[in-house]
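Colleague: Pasting the sequence and the predicted model now:
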Amino acid sequence: MPAYRLETLLEMRSRAKEEAERAFSDAIKALEKEKAELQRLIDDLERRKRERKEKVAAYFKEIMAKGAGINGLNMMSRFEDRLKDEEAQVALEVDRQREAVKVAERLVEQRRREMAEAAKELKAIEKHKETWQKQVRAERQQREELNQEEIGNALFLARQRK
């Protein structure tokens, strides 16, 4: 059978499909990493909120035990505000991480489309190769039948001459 003239293109499409699959896999891993980071930040924020109440209550008990007056309450208020500011900072990080997750999800979808397109292009060239192979086989079969017919005719004419 003759060599397929588009074999190089077939190999290129095959490599492109493998690359697209690898890129899709990497995008999935990156998305999972971003989601894990988001969950870690959410858990940290919830932990900070729980601990703030406990820390403020403990600080209040400590101030009351020392018998501090209005200064102690002001210090407690500043302490609570500082803890709330830290929570707000973590909340901002959570929002930024949510955006990072959305970006990663869009990238996954883009990679999925690229992978599907690469698979479709590979399938098209494979289908073309199958069609070409069938055509080559049919042509070969036709030539063999023609050769057999010529041999048969030659033998028939040789017998007729005798």
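Modeller: That came through, no problem.

Colleague: What residue, apart from its backbone neighbours, is nearest the most centrally placed residue in the chain spatially?
Modeller: Taking C-alpha atoms, centre = their mean, the centroid of the chain lies closest to residue 24, which sits 3.0 Å from it. Leaving aside its sequence neighbours, residue 24 sits nearest to residue 111 (C-beta to C-beta, 6 or more residues apart in numbering; 4.1 Å). Quick note: C-beta positions are derived from backbone N, CA and C, even for glycine.

Colleague: so which helix or strand takes in the one you found?
Modeller: helix 70-161 (DSSP states H and E).

Colleague: and residue 41, how many residues sit next to it?
Modeller: 19 (other C-beta atoms under 10 Å).

Colleague: isn't it right up against residue 93?
Modeller: Yes - counting by C-beta atoms under 8 Å, residue 41 touches residue 93, with 5.5 Å between them.

Colleague: about what we covered before: now do the helix holding residue 111: distance to the chain's middle.
Modeller: 10 Å (C-alpha atoms, centre = their mean, to the nearest Å).

Colleague: ok, now stretch 14-25?
Modeller: Distance, centroid of stretch 14-25 to centroid of chain: 10 Å (C-alpha atoms, centre = their mean).

Colleague: thinking again about what came up before, please determine how far the residue nearest to residue 24 is located from residue 119.
Modeller: 12 Å (C-beta to C-beta, to the nearest Å).

Colleague: got it, and residue 26?
Modeller: Taken as C-beta to C-beta, the span from residue 26 to residue 119 is 17 Å.

Colleague: Also residue 156?
Modeller: Taken as C-beta to C-beta, the span from residue 156 to residue 119 is 55 Å.

Colleague: ok, the two, which is more surrounded?
Modeller: Between residue 156 and residue 119, residue 119 has the larger neighbour count (other C-beta under 10 Å), namely 15 against 10.

Colleague: burial of residue 127, as a residue count?
Modeller: There are 10 residues near residue 127, going by other C-beta under 10 Å.

Colleague: Any figure for the gap between it and residue 64?
Modeller: From residue 127 over to residue 64 (counting by C-beta to C-beta), the distance is 82 Å.

Colleague: just residue 157 next, same as before
Modeller: Taken as C-beta to C-beta, the span from residue 157 to residue 64 is 126 Å.

Colleague: Which of the two has more residues huddled nearby?
Modeller: Neighbours per residue (other C-beta under 10 Å) separate residue 157 from residue 64, with residue 64 holding more: 12 against 9.
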